[in-house]
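Undergrad: Structure of the sequence below:
(chains A and B)
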2 protein chains.
Amino acid sequence: MFESAEIGHKLAKSAYREAVPTLRAALLAAQVDLFEKHKTPVVVLISGQDGAGKGETINTLYEWMDPRFISTLAFSQPSDEERERPPMWRYWRSLPPKGRVGIFAGSWYSEPIRERIYGEISVKELDARAEQINRFEEMLVNEGALVLKFWFHLTKDGQRQRLKALSSDPRTAWRVTQWNWDRLKTYDQLQDVAGHLLRITNTAAAPWVVVEGACDRYRSMTVGQVLLKALQNKLAEAAPPRALMPPMVRVDLDGRNVLSELDLTLALADKPYKDQLAKWQGRLSELVRDARFQGRSLVCAFEGADAAGKGGAIRRIAGALDARQYQVTPVAAPTDEEKDQPHLWRFWRHLPRHGHVAMFDRTWYGRVLVERVEGFCTEADWLRAYSEINDFEHEMIEAGVVVVKFWLQISQAEQLKRFKEREKIEFKRFKITQEDWRNREKWHDYQQAICDMVERTSTGESPWTLVEANDKNYARVKILRTLCQRLEAALAQAPEVSLRLAKKPKK
Amino acid sequence: MFESAEIGHKLAKSAYREAVPTLRAALLAAQVDLFEKHKTPVVVLISGQDGAGKGETINTLYEWMDPRFISTLAFSQPSDEERERPPMWRYWRSLPPKGRVGIFAGSWYSEPIRERIYGEISVKELDARAEQINRFEEMLVNEGALVLKFWFHLTKDGQRQRLKALSSDPRTAWRVTQWNWDRLKTYDQLQDVAGHLLRITNTAAAPWVVVEGACDRYRSMTVGQVLLKALQNKLAEAAPPRALMPPMVRVDLDGRNVLSELDLTLALADKPYKDQLAKWQGRLSELVRDARFQGRSLVCAFEGADAAGKGGAIRRIAGALDARQYQVTPVAAPTDEEKDQPHLWRFWRHLPRHGHVAMFDRTWYGRVLVERVEGFCTEADWLRAYSEINDFEHEMIEAGVVVVKFWLQISQAEQLKRFKEREKIEFKRFKITQEDWRNREKWHDYQQAICDMVERTSTGESPWTLVEANDKNYARVKILRTLCQRLEAALAQAPEVSLRLAKKPKK
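TA: Here you go, the predicted structure:
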């Protein structure tokens, strides 16, 4: 892995001086194209050993490029707002929008490496993290990003020399602390762990570039040239690359599916409804006040046809909660800041803090429902979305978030009845739009999309609850009861990651 | 202040039941209009005594309205990300966008009241805060928001009875803690402090509505009716109200002004430039590593005509910093999320954390420069912007942020020369657009706007530094030197607010 970076690469001052103006001009030109035309987000990871020149090279990139369209993201100890969300939340919120370059000084690799070196996680756990990282980076690339990962390498002796040189120069001595010297002691462990991690995250979508760190000029010029060529390749692409995927194949022999099997005649009379509602609302209000919930959070996802009763169900849950404890996020068209990011970004930003509840009225499943049916995204996009969504939910669950998903199913006849009722009632009239009537025409396409969604995203850790919703009483009680049961079961288990995150990490 | 809320107001169950459906329908209709047509942000403050029914009324509002377009913002202890910014930052980041209702359970009033009750601030300091609050709310209203402030009042005996009733009911007992009982002991102080604060913040733009809290139905119905009428009034407005302001009057007897007095022949040869640059860059890099800077932050604002050298100056400052420590924010057209907020919102969101530097390439002065000259906002808007900007900078400075503002002045001839040069140099070509050439035609309008800006916003605590920028060497050194001197002076003084914020507040 690191052999090619122990050769003793050097670049002479004269060669460097000669090459810089051309490189700089080309980088600037590429950056302008990127920003004005191609609208690609560029994610650059600068990682490697202490003293290998990460800071210097980042500063050099700023000299060469237009600093107005670069951000450097540094990650030290997570803030309390970050600690109360899944570990990847802090990286999601830092992703560069389209057309910008985000340099990550420290990244999603830092924590797994540190934790493995200190023996806090096993090799198997490290591999699981690597797998998550691969999927995350693949998602970024599929969403149109250019991902460049640099690892600056030094030999052990080289590292000692760099640190000595830095500490003997009064202008740089401040940068070398005891902490850096301590890194020398863990040099071999870092080599082992990083070597292993780099190998399994060296994917076609986002390969590593290992760079010898000893010579400033060689290192910076290498990074500059790689960055330039990658930008130029990206700019030359006619269209963003799409992973090749086989079309979805489906055989239906008997016309039965998870939706057709639902008994939509299930109903609950008003009297038992009132009792049940009060019972489960009471239970829910106890559960969210439970001490164990204060280190957890709850995310409720509601999907369903128009007029299926999502809003009414959300209100009944809200009725059991304190308004200061929850947020309802209605999902409509993305804002332009959201359009400049991967499709899941606009959901990540609304994840609740500990002790809080987020309810989504329509969700991250839009891509495999409305976007698929209406053709708002390509087939490859919605095909890969299933696993991206599973990953998203897995990251939440791993961090102690309780995720509960409801599909509210009504019959076509019931929907029509509700549409007509709504038009009569003054204060509900606004809810019906032309689009609602249009969506009805695609009823069967939607049913197909829902079945595929359930098949591919109803996982053991995050199952879909299909709700027979022709009767509102029945549906609301089933939703509240399910929510209580899921929350109760989750609180009985301590999530591993959440506990690990709750402690401030050692330095 | 509170007499009208000690009358023993009650609303009978029957009257309440009769009134709710009409109110609810009207509120929903108003909410739809608000969201779809009028695009007004609505800020509702729910404040008052403990046990006076704040939570209950908020929950009732959720039942009556569409919860998808309401957010409730609760503020307990500030997070560490919030503690490292000016106190108002957490409220700015929570402001509802256009068309939405933001209910503030706890607000910018909570801290001043608490601090005064515990004797942490004097009456004079409280008055100064009230004045800031008035200006903030006036700005919100001028930016088109509807601001409604409710204070729920109970007599001392009434509060005791409410707390008793709450704690004897098993469904609500959990809500009454020792902390609430302790509030009874400070009842009189709260009355005094709140009475005083409400009186001086009872402005025409954002008046208080004091509501008797004892009867749930009376309290919620009052809030609902006030909210409805205020929404309907707002929706009936043809255009957002504009504060009446006299047009700017200006007499120029001799054609001299702060810009014409600048000596644009000032220059620095390359040799002394190199020495000076190195000297001040070294000094700057020491200052930002100074232990005292770790509890402070630095905001640099750059304004100047096109090609005045803002970017080059920013690069020279960046050259002295670690890329992980600063962000450059180029200010272009606002995104749609930014357009849905007051004009200063997009700058508030980029305020740096402690120990960090934010450089703005063009700034919050856009409103009194380009927006004024190009007619992108009304005269009333840019006229009031001067004091809004002064308030913004004052809040930063009070919280320990070091604010340094540069105007880079070049002559028209120098600008033309630079435009032509740029067109020749490959990697700078992108910087010149048609707009740049157009802006040149309005040179004199801009000069006038700049003079007005300096006159009205160069304050003792936040002066403008006018930079003779025809010679880049001279300009860069002057900027770096000024920055170092301002930073040095600021670090010698401990900011009061910043220190107060640094401690976690007592509960």
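Undergrad: which phi and psi does whatever residue of the stretch 101-250 of chain A ends up closest to chain B have?
TA: The minimum distance from the stretch 101-250 of chain A to chain B, using Cβ to the nearest Cβ, falls at A:A105 (5.0 Å). C-beta here means a position set from N, CA and C on the backbone, and glycine is covered the same way. Main-chain dihedrals, A:A105, degrees, to the nearest 10: phi -90, psi 100.
Undergrad: okay, A:D322: pLDDT?
TA: On pLDDT, A:D322 comes in at 88.
Undergrad: ok, what's across the strand from the residue of the stretch 101-250 of chain A closest to chain B?
TA: Listed beta-bridge partners, A:A105: A:I46, A:A74 (assigned using DSSP bridges).
Undergrad: Domain map for chain A?
TA: Listed domain ranges for chain A are A:3-236, A:270-498 (source: automatic domain parsing).
Undergrad: possible to save those domains as CSV with distance to B:F136?
TA: Shown next, in CSV, are the domains of chain A (distance: least, Cβ to Cβ, whole Å):
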stretch, distance to B:F136
domain A:3-236, 24
domain A:270-498, 22
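Undergrad: Compare those domains and report which one is nearest to B:A291.
TA: domain A:3-236 (11.5 Å; Cβ to Cβ).
Undergrad: Do I have it right that the residue of the stretch 101-250 of chain A closest to chain B meets A:A74?
TA: Yes - the criterion here is Cβ atoms under 8 Å, and A:A105 meets it with A:A74 at 4.7 Å.
Undergrad: re the thing from before, quick one: the domains of chain A as a markdown table, columns for distance to B:A492 and mean neighbour count too.
TA: Shown next, in a markdown table, are these (distance: least, Cβ to Cβ, whole Å; neighbours: other Cβ atoms under 10 Å in any protein chain shown):
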| stretch | distance to B:A492 | mean neighbour count |
| --- | --- | --- |
| domain A:3-236 | 21 | 18 |
| domain A:270-498 | 38 | 18 |
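Undergrad: To B:A469, which of those domains lies closest?
TA: domain A:3-236 (18.2 Å).
Undergrad: Start and end of that closest one, how far apart?
TA: 32 Å (Cα to Cα, to the nearest Å).
Undergrad: Can you list the low-confidence ranges for chain A?
TA: Residues of chain A meeting the criterion pLDDT under 70: A:171, A:238-245, A:425-433, A:495-507.
Undergrad: Which residue ranges of it form strands?
TA: Shown for chain A, the strands assigned by DSSP state E span residues A:42-48, A:70-74, A:101-105, A:146-153, A:208-212, A:297-304, A:326-330, A:357-361, A:401-409, A:464-468.
Undergrad: Please convert those to JSON lines, extending it with distance to B:W181.
TA: Output for the strands of chain A, formatted as JSON lines (distance: least, Cβ to Cβ, whole Å):
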{"stretch": "strand A:42-48", "distance to B:W181": "53"}
{"stretch": "strand A:70-74", "distance to B:W181": "46"}
{"stretch": "strand A:101-105", "distance to B:W181": "50"}
{"stretch": "strand A:146-153", "distance to B:W181": "57"}
{"stretch": "strand A:208-212", "distance to B:W181": "61"}
{"stretch": "strand A:297-304", "distance to B:W181": "30"}
{"stretch": "strand A:326-330", "distance to B:W181": "27"}
{"stretch": "strand A:357-361", "distance to B:W181": "28"}
{"stretch": "strand A:401-409", "distance to B:W181": "33"}
{"stretch": "strand A:464-468", "distance to B:W181": "42"}
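Undergrad: Which residue is the nearest non-sequential neighbour of A:F35?
TA: A:G99 (4.0 Å; Cβ to Cβ, 6 or more residues apart in numbering or on different chains).
Undergrad: for chain B, what are the nearby residues on the stretch 251-400 of chain A?
TA: Residues of the stretch 251-400 of chain A that fall close to chain B, judged by Cβ under 8 Å from any Cβ of the partner chain: A:282, A:285, A:289, A:311, A:314-315, A:318-319, A:322-330, A:335-337, A:361.
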